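Asker: here is a sequence together with a model predicted from it:
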Amino acid sequence: MDKRWLLGIVVVGILAGVGIYLYMNMQRTFGRSARVVEWIRNPSAHPDWVVRAGTRCVPDAPFLMPTDGLIGYLWGDSFQAGKHHQGLDIFGGTDVGQTPVVAAYPGYLTRLSTWKSAVIVRLPSDPLQPGRPIWLYYTHMADPNGNSFISSAFPPGTVEKYIEAGTLLGYQGNYTGDATNPSGIHLHFSIVLDDGQGGFRNELDINNTLDPSPYLGLPLNAKTSDGAVIVCTGSGQ
Ligand SMILES: [Zn+2]
């Protein structure tokens, strides 16, 4: 066979494979979107979908669940071809400013002076990889206009304030930076790698974040999720 033909077939095959892979990733995310919509419309119909703030889901999980609600989107979910969600989205099922957000683990909290809806907490030592610093990022804690729901204990410009696990950080909101296009009301929670110079890496790139599954003791990786609702059966701390 002509070599160019063969090359053409290989290229078409690779493109089709990549397309199918991206499509399947996005299909899984679409399945979770349908559930999120159902939950937001009528949370009281699905009390069995709720996880609770402050719960340690399995005894050896280092982190506490940081808020109440439905775990709507997972680490690695894909809303757009080639882009992957860097954390968890937990939807409270309430109005803005009502569902508490608490610290999953002790650490040193920073809120940059420009941050309306987010805080980040430095853990000097990753509980699953001792000696490595990591950061926990909590965001969407403001209304569409940027009115903050972060606790008054952490005003803009807070630097390295020590907090215990379970400390109230604020309340879920739907701030996106675009007042005409708010998100559903939720907490976005992610684990961010250190930049090696005392700072955190860019959270928007999934390669700079960690799979939260072992930290919370739940199957939170979109690639390996079976699509079932993720519940947390642990109790208290
Ligand atoms: Zn998110």
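Answerer: Here it is on my side, so go on. Numbering: from 1, shown residues only.

Asker: quick one, strands of the chain?
Answerer: Secondary structure of the chain by DSSP state E: the strands cover 70-73, 88-91, 100-102, 107-110, 119-123, 134-139, 161-163, 168-171, 186-193, 209-210.

Asker: what does the protein have sitting close to the ion?
Answerer: The chain comes close to the ion at residues 89, 188, as judged by Cβ under 5 Å from the ion. Glycine gets a C-beta too; all of them are placed from N, C-alpha and C.

Asker: got the contact list for the closest residue to the ion within the chain?
Answerer: Using Cβ to the ion, the closest approach of the chain to the ion is made by residue 188 at 3.4 Å. By Cβ atoms under 8 Å, 6 or more residues apart in numbering, residue 188 lies in contact with 87-89, 137-140.

Asker: let's see that with 6 Å instead.
Answerer: Going by Cβ atoms under 6 Å, 6 or more residues apart in numbering, residue 188 touches 87, 89, 139-140.

Asker: how far out from the middle of the chain is the helix or strand of the chain with the lowest mean pLDDT?
Answerer: In the chain, no helix or strand scores lower on mean pLDDT, DSSP states H and E than helix 3-41, which sits at a mean of 79. Between the centre of helix 3-41 and the centre of its chain there are 22 Å (Cα atoms, centre = their mean, to the nearest Å).

Asker: what angle sits between that helix and strand 186-193?
Answerer: 130 degrees (axes from the mean of the first three to the mean of the last three Cα atoms, to 10 degrees).

Asker: show me which positions of helix 3-41 end up buried.
Answerer: Neighbour-count burial for helix 3-41, counted by 16 or more other Cβ atoms under 10 Å, picks out 25-26, 28-29, 32-33, 35-36, 39-40.

Asker: what's the most distant pair in these?
Answerer: 25 and 40 (23.0 Å; Cβ to Cβ).

Asker: pull the number of nearby residues for residue 44.
Answerer: Neighbourhood size, residue 44 [other Cβ atoms under 10 Å]: 6.

Asker: mind checking pLDDT for it?
Answerer: Among the per-residue scores, residue 44 shows a pLDDT of 96.

Asker: just checking, residue 175 touches residue 115?
Answerer: No. In this structure residue 175 lies outside contact range of residue 115 using Cβ atoms under 6 Å: 10.3 Å.

Asker: compare these two (neighbour count), which wins?
Answerer: Using other Cβ under 10 Å as the criterion, residue 175 and residue 115 rank with residue 175 on top: 24 against 19.

Asker: on that earlier part again, just the contacts of residue 188 now: which is nearest residue 79?
Answerer: Distances from residue 79 to the contacts of residue 188, taken by Cβ to Cβ, are shortest for residue 89, at 10.4 Å.

Asker: residues contacting that closest one?
Answerer: Going by Cβ under 6 Å, 6+ apart, residue 89 touches 72-73, 186, 188.

Asker: report the two of the residues you listed separated the most.
Answerer: Longest distance between any two of the contacts of residue 89 is 10.3 Å, between 72 and 188; criterion Cβ to Cβ.
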